[in-house]
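Trainee: Predicted coordinates and the sequence they were generated for:
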Amino acid sequence: MRDLIRLAWPVFVAQVAVMANGLIDTLMAGHLSSIDLAAVGIGAAIYASLFISVTGILLALSPTVAHLQGGRRYEEIGEQVRQAAWLAGVLAVLTIALLTFPEPLLAIAQLTPEVASKVQAYLDAMAWGAPAALFFRVFYGFSAGISRPRPVMVLNLLGLGLKLPLNWIFMHGQLGLPPLGAAGCGVASSLIAWLLAILSWIWCYRQEAYRPYGLFSRWSWPEWTRLAALARLGLPIGATFLVDVTAFTFMALFIARFGPVASGAHQIASSLAALVFMLPTAIGHAAAVLAGQALGRSEAGAARLVGLRGLQLGLGCALILATLIAFGNKTIASLYTQDSAVQTLTGQLLLLVALYHLADALQAVAVYLLRSYRKTAIPMLIYALALWGVGLGGGVMLGLGGVLGPARGPSGFWWAAIAGLWLAGFGVGAYWWHIANKATKDSTQ
């Protein structure tokens with residue numbers, strides 16, 4: 001448990017720093033206007049659905065590196081990182097193209113022209129920072145896989161420290177610049193992404209701890225065998241993220257039909273859900289790295305024990321956070337916005353966020369553990385059924401009305417999302433238990 005906590009807390013701090021950037025955007029946009037708040041919420045949802053999906057492909061690097069680290073195959077790790085950098089370059093081109101032409105997604109939301117133009121400006125600003133963010137994710141996967149997450153934490157905290165002043169400059173037009181409103185959040189994020197990407201690879205080059213991997217010892221052209229292996233593991237991870245995030249994105253787009261108040265309240269609730277999700281994600285990531293290193297040493301029993309401890313820690317922390325959200329819902333809502341209508345609806349949605357978070361913790365730890373066993377395809381199918389079928393499909397029927405009765409608005413979407421996520425959590429949890437037991441049994445024969 002000590003090794004798990006030692007590895008998890010820097011990952012958690014790093015991820016909270018990233019999520020805090022989104023919270024700063026939400027808070028500053030909310031105090032600017034309800035239109036800017038809606039634009040940031042919808043734009044961030046679209047960006048997340050695209051960026052996190054392609055980033056998911058790069059998450060194949062972390063379990064791959066962890067296995068090689070467990071087997072002490074250090075030079076091979078350096079080669080895997082170089083190949084992952086090539087993969088990141090290809091994904092960057094795809095991401096820029098998708099962010100530049102988001103019209104099909106904007107059409108679903110049926111936005112007013114004013115909100116739509118602000119969303120487009122936000123996405124245009126985010127697009128030119130996407131390559132830097134992807135190259136930084138390669139550094140993240142490399143460092144996490146070798147059990148060195150602290151550099152990522154330090155750099156993300158640096159980025160967080162710059163976020164508020166840069167937002168203020170670009171959103172309000174300081175230092176002689178024109179006021180950009182919601183788009184200013186995107187400009188600030190892209191500038192920070194490039195700074196962190198450059199600093200991360202300077203860190204790799206200068207720090208003694210990274211020398212054994214020979215990352216800069218030679219130039220590597222793309223090796224299709226290695227890239228294919230990363231893609232086989234990473235594409236289902238990316239597809240899983242696509243299912244997860246697009247379910248939430250379409251949820252935001254459908255809720256936008258109910259107007260800026262509903263959209264703003266949903267943005268606040270979803271941003272808090274994403275923030276507290278960082279804790280079980282960090283625990284799951286740490287458990288997956290330790291389990292992957294154990295599997296690299298051919299110690300399947302130790303890997304299963306790490307998984308059990310990860311689930312125990314993740315669910316215990318989730319119960320505490322869910323309780324705090326449920327009892328502090330009105331206070332939390334008042335911290336985000338001064339709009340009384342948005343506050344009231346946000347307080348109601350936060351009660352549902354508490355239930356949602358418990359399921360989120362279960363599925364997060366379990367699915368990360370499955371990646372340490374290189375099992376990514378079946379979880380993708382479980383997520384598609386649970387989150388798209390039950391969560392999003394049920395949300396449309398409950399939220400917009402139809403077969404299941406009159407429209408229940410944003411709360412209908414959240415209730416369906418809760419049901420879908422619990423189904424996903426039990427599904428991937430049961431599958432991990434089966435795989436872990438089978439691997440342990442096979443290792444003793």
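Mentor: Okay, I see it.
Trainee: where along the stretch 251-400 of the chain do the helices fall?
Mentor: If DSSP state H, counting those that start in this stretch is used as the criterion, the helices of the stretch 251-400 of the chain fall at 260-296, 300-327, 329-336, 340-372, 377-383, 393-399.
Trainee: Switch the ones you listed over to CSV; also include mean neighbour count, distance to Gly71 and mean pLDDT.
Mentor: Just so you know, the C-beta spots here come from the backbone N, C-alpha and C atoms, and that holds for glycine as well. CSV is the format used below for the helices of the stretch 251-400 of the chain (neighbours: other C-beta atoms under 10 Å; distance: least, C-beta to C-beta, whole Å; pLDDT from 0 to 100):
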stretch, mean neighbour count, distance to Gly71, mean pLDDT
helix 260-296, 26, 4, 88
helix 300-327, 19, 14, 93
helix 329-336, 17, 46, 85
helix 340-372, 24, 14, 92
helix 377-383, 20, 24, 93
helix 393-399, 21, 44, 87
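Trainee: Serialize these to JSON lines and add fields for distance to Cys204.
Mentor: Conversion of those to JSON lines gives the following (distance: least, C-beta to C-beta, whole Å):
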{"stretch": "helix 260-296", "distance to Cys204": "18"}
{"stretch": "helix 300-327", "distance to Cys204": "27"}
{"stretch": "helix 329-336", "distance to Cys204": "38"}
{"stretch": "helix 340-372", "distance to Cys204": "23"}
{"stretch": "helix 377-383", "distance to Cys204": "31"}
{"stretch": "helix 393-399", "distance to Cys204": "43"}
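Trainee: closest to Leu105 out of those?
Mentor: helix 260-296 (14.4 Å; C-beta to C-beta).
Trainee: what about the most centrally placed residue in the chain, which helix or strand?
Mentor: Centre of the chain computed as the mean C-alpha position; nearest residue by C-alpha atoms, centre = their mean is Ile52, 5.9 Å away. Counting by DSSP states H and E, the secondary-structure element that holds Ile52 is helix 34-58.
Trainee: Which one, of the helices of the stretch 251-400 of the chain, ends up nearest to Gln120?
Mentor: Ranking the helices of the stretch 251-400 of the chain by their distance to Gln120 (criterion: C-beta to C-beta) puts helix 260-296 first, at 16.2 Å.
Trainee: Below-threshold pLDDT in this structure: ranges please.
Mentor: For the chain, residues meeting the criterion pLDDT under 70 lie at 1, 108-110, 402-406, 445.
Trainee: could you say which helix or strand contains Val115?
Mentor: helix 113-127.
Trainee: Export that helix to PDB, keeping only CA atoms.
Mentor: This file holds the C-alpha atoms of helix 113-127, laid out as PDB (Å, rounded to 0.1, in the frame of the first residue of the first chain):
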ATOM      1  CA  PRO A 113     -25.200  32.200 -33.300                       C
ATOM      2  CA  GLU A 114     -23.500  34.100 -30.500                       C
ATOM      3  CA  VAL A 115     -22.700  31.000 -28.400                       C
ATOM      4  CA  ALA A 116     -21.600  29.100 -31.600                       C
ATOM      5  CA  SER A 117     -19.200  31.800 -32.600                       C
ATOM      6  CA  LYS A 118     -17.600  31.800 -29.200                       C
ATOM      7  CA  VAL A 119     -17.300  28.000 -29.100                       C
ATOM      8  CA  GLN A 120     -15.600  28.100 -32.600                       C
ATOM      9  CA  ALA A 121     -13.100  30.700 -31.400                       C
ATOM     10  CA  TYR A 122     -12.300  28.700 -28.300                       C
ATOM     11  CA  LEU A 123     -11.600  25.500 -30.300                       C
ATOM     12  CA  ASP A 124      -9.500  27.400 -32.900                       C
ATOM     13  CA  ALA A 125      -7.300  28.700 -30.000                       C
ATOM     14  CA  MET A 126      -7.000  25.200 -28.500                       C
ATOM     15  CA  ALA A 127      -6.100  23.600 -31.800                       C
END
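Trainee: And the following helix or strand past it, how far out from the chain middle?
Mentor: Scanning the chain past helix 113-127 towards its C-terminal end, the next helix or strand to appear is helix 130-145 (assignment: DSSP H and E). Going by C-alpha atoms, centre = their mean, to the nearest Å, the spacing between the C-alpha centre of helix 130-145 and its chain's C-alpha centre is 13 Å.
Trainee: helices or strands next to helix 130-145 in the packing?
Mentor: Under the contact criterion of 3 or more C-beta pairs under 8 Å, 6 or more residues apart in numbering; DSSP states H and E, helix 130-145 touches helix 34-58, helix 61-70, helix 74-100, helix 150-172, helix 182-206, helix 260-296.
Trainee: Tell me if I'm right that Gln343 and Ser334 touch.
Mentor: Yes - at 5.9 Å, Gln343 and Ser334 qualify as touching, with contact defined as C-beta atoms under 8 Å.
Trainee: quick one on the thing from earlier: buried residues in the helix holding Val115, which are they?
Mentor: Val115, Ala116, Lys118, Val119, Gln120, Ala121, Tyr122, Leu123, Asp124, Ala125, Met126, Ala127 (16 or more other C-beta atoms under 10 Å).
Trainee: again, but for stretch 216-233
Mentor: Ser220, Arg226, Leu227, Ala229, Leu230, Leu233.
Trainee: mind checking the end-to-end distance for that stretch?
Mentor: With C-alpha to C-alpha, to the nearest Å as the measure, stretch 216-233 spans 25 Å from end to end.
Trainee: same deal with stretch 250-268?
Mentor: According to C-alpha to C-alpha, stretch 250-268 extends 16 Å from its N-terminal end residue to its C-terminal end residue.
Trainee: mind checking the SS state of Leu408?
Mentor: Check again: residue 408 is Arg, not Leu. Classification of Arg408 using DSSP: H, G, I helix; E, B strand; the rest coil returns coil.
Trainee: Stretch 251-258: how far from the chain's middle?
Mentor: Stretch 251-258 has its average C-alpha position 21 Å from the chain's average C-alpha position, going by C-alpha atoms, centre = their mean.
Trainee: Then stretch 260-269?
Mentor: Average the C-alpha atoms of stretch 260-269, do the same for its chain, and the two points are 20 Å apart (C-alpha atoms, centre = their mean).
Trainee: contacting residues around that stretch?
Mentor: Among residues not part of stretch 260-269, those counted as contacts by C-beta atoms under 8 Å, 6 or more residues apart in numbering are 26, 30, 34-35, 37-38, 40-42, 44-45, 115, 251-252, 255-256, 333, 336-337, 339, 341-342, 345-346, 349-350, 352-353, 409-410, 413-414.
Trainee: Fine by me, we can end here.
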